[in-house]
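Novice: Have a look; sequence and predicted model below, questions after that.
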Amino acid sequence: MKNTSPTAILLNLGHLVDHWVLVVFAYTWGVIAIDWYGKESMWTELTPYNYGALFMFGAGSLLSGRLGDLWGRRVMMLIFFFGMGASCFVIALCSSNLQIGAALTLMGAFASIYHPVGIPMLVQRAPNPGFTIGVNGLVGNMGLAIAAAVSVYIGQRYGWQMSYIVPGLVCLAGGLAFALLVPRESEAPAKRKPKLLNLPPSVMARVFAVMTVTAVTGSIIFNATTNGNGELLKESFKGVVENPLALSAMLFMIFGLASLAQLLVGKLIDRYPLKNVYLPIVLLQVPLFIIASQVKAWGLLVAAIGFMLLVFGAIPFTDAMIVKYVDDRSRSRVTGLRLAIGFGVSSLVVAALGPSVKAAGFDNLLLALAGLAVCSTIAVFMLPDERAAMAAAATAAE
């Protein structure tokens with residue numbers, strides 16, 4: 001599938017709105033706190049109500065992946081676009097903690113559809129899957145940048161409800177375009193003939209073990225940074241830069257620059273073994289998180305750009321492992337499983353973000369992320385030699 005086809009463009013749009021809507025709450029809870037409590041510092045009381053969205057984003061992926069393989073991916077993407085649009089309007093109607101927690105949980109269920117369905121649909125015929133995943137990742141993370149800058153501006157200028165109404169309209173428009181422009185599938189993925197790699201069970205066991213560990217550690221790091229960077233910058237720049245729009249511009253710059261890493265990584269994993277590219281990326285996260293825990297203001301801004309480059313740069317690897325080692329007939333289910341595991345754990349971490357920062361501070365949070373990066377490094381080091389594994393599979397097929 002060409003990256004410029006209508007299907008590819010709309011699938012990339014889906015990734016953008018998925019990440020955009022999923023983190024709007026994290027970047028506008030300061031605005032909501034002013035509206036509901038009268039002061040922005042009360043944002044720490046709102047973070048637990050984000051748990052349902054992130055939990056369903058992971059747990060819902062199990063069902064979404066299975067339905068994507070059994071029903072077909074096109075119909076699931078239509079449910080995704082229209083469901084996300086509708087849930088955005090429901091969130092905008094909320095006026096209490098419990099209401100917004102329930103509405104965010106509903107949104108998380110629809111958001112869970114994209115990754116196990118959209119990405120396998122995008123790469124199923126891609127001649128260069130690594131770069132295709134890299135482009136898709138860049139677009140998805142630009143959704144984070146939009147939430148951090150545009151949604152914050154909209155929320156402060158027109159009310160936090162508009163921060164959801166705008167992406168809701170984009171989702172509905174995307175769903176309509178998807179229905180009109182994307183052709184129907186000839187058959188569901190699960191009904192296609194299998195293309196087995198014949199890899200030794202020991203190799204597949206190591207691959208899935210690495211995938212499981214990095215899904216957990218990577219999801220915690222990704223969610224802690226993307227949900228916490230806004231408040232981290234506000235605290236660090238207190239007394240130096242306190243203009244909300246300036247801080248939003250910093251976040252947009254961090255996410256925008258970091259997203260570019262995925263293009264380079266996508267190119268590299270099409271040419272080199274995954275382990276050779278993945279290992280230095282997770283290893284370098286360790287010193288950058290440590291440095292970030294020790295600096296403030298402009299020093300932290302530089303460190304944040306550095307660690308977000310590596311956090312975003314690590315994103316394509318799990319999807320690339322699935323493309324390389326898992327048959328297309330079951331990719332949606334495997335992707336759903338890894339999201340359920342990763343976000344099942346990280347959703348608890350994000351829900352506890354406010355109380356944790358209140359009790360221990362951002363410095364200790366960053367040190368904890370450095371420890372998780374060490375765990376990722378150890379796991380990636382255990383990846384099997386890719387060329388030897390593929391040679392063994394080719395020999396077994398003869």
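Specialist: Looks like it came in fine.
Novice: Can you list the low-confidence ranges for the stretch 251-398 of the chain?
Specialist: Residues of the stretch 251-398 of the chain that meet the criterion pLDDT under 70 lie in 328-329, 344, 346-347, 350-351, 353-354, 386-398.
Novice: what ranges do the helices span in it?
Specialist: 261-271, 274-294, 297-314, 316-325, 331-351, 353-381, 386-397 (DSSP state H, counting those that start in this stretch).
Novice: Let's have the ones you listed in TSV, adding distance to residue 167 and mean neighbour count.
Specialist: Placement of C-beta: from N, CA and C, glycine included. Formatted as TSV, those follow (distance: least, C-beta to C-beta, whole Å; neighbours: other C-beta atoms under 10 Å):
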stretch	distance to residue 167	mean neighbour count
helix 261-271	21	20
helix 274-294	29	20
helix 297-314	21	21
helix 316-325	23	24
helix 331-351	20	24
helix 353-381	22	18
helix 386-397	39	14
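Novice: Tell me which of the ones you listed lies nearest to residue 206.
Specialist: Closest approach to residue 206 among these (C-beta to C-beta): helix 386-397, 9.2 Å.
Novice: re the thing from before, quick check: which of the helices of the stretch 251-398 of the chain is nearest to residue 177?
Specialist: Residue 177 lies closest to helix 331-351 among the helices of the stretch 251-398 of the chain, at 22.1 Å (C-beta to C-beta).
Novice: by contact count, what packs against that closest one?
Specialist: Judged by 3 or more C-beta pairs under 8 Å, 6 or more residues apart in numbering; DSSP states H and E, helix 331-351 is in contact with helix 51-71, helix 114-123, helix 201-236, helix 316-325.
Novice: Can I get that helix in PDB, CA atoms only?
Specialist: What follows is helix 331-351, C-alpha atoms only, in PDB (Å, rounded to 0.1, in the frame of the first residue of the first chain):
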ATOM      1  CA  ARG A 331      -1.300  -9.600  13.600                       C
ATOM      2  CA  SER A 332      -4.300  -7.700  15.000                       C
ATOM      3  CA  ARG A 333      -4.700 -10.200  17.900                       C
ATOM      4  CA  VAL A 334      -1.000 -10.100  18.700                       C
ATOM      5  CA  THR A 335      -0.900  -6.300  18.600                       C
ATOM      6  CA  GLY A 336      -4.000  -6.200  20.800                       C
ATOM      7  CA  LEU A 337      -2.400  -8.600  23.300                       C
ATOM      8  CA  ARG A 338       0.800  -6.500  23.600                       C
ATOM      9  CA  LEU A 339      -1.300  -3.300  24.100                       C
ATOM     10  CA  ALA A 340      -3.400  -4.900  26.700                       C
ATOM     11  CA  ILE A 341      -0.300  -6.000  28.600                       C
ATOM     12  CA  GLY A 342       1.500  -2.700  28.300                       C
ATOM     13  CA  PHE A 343      -1.300  -0.300  28.900                       C
ATOM     14  CA  GLY A 344      -2.900  -2.500  31.600                       C
ATOM     15  CA  VAL A 345       0.200  -1.700  33.700                       C
ATOM     16  CA  SER A 346       0.900   1.800  32.500                       C
ATOM     17  CA  SER A 347      -2.700   3.000  33.000                       C
ATOM     18  CA  LEU A 348      -2.200   2.500  36.700                       C
ATOM     19  CA  VAL A 349       1.000   4.500  36.600                       C
ATOM     20  CA  VAL A 350      -0.700   7.400  34.800                       C
ATOM     21  CA  ALA A 351      -3.600   7.300  37.200                       C
END
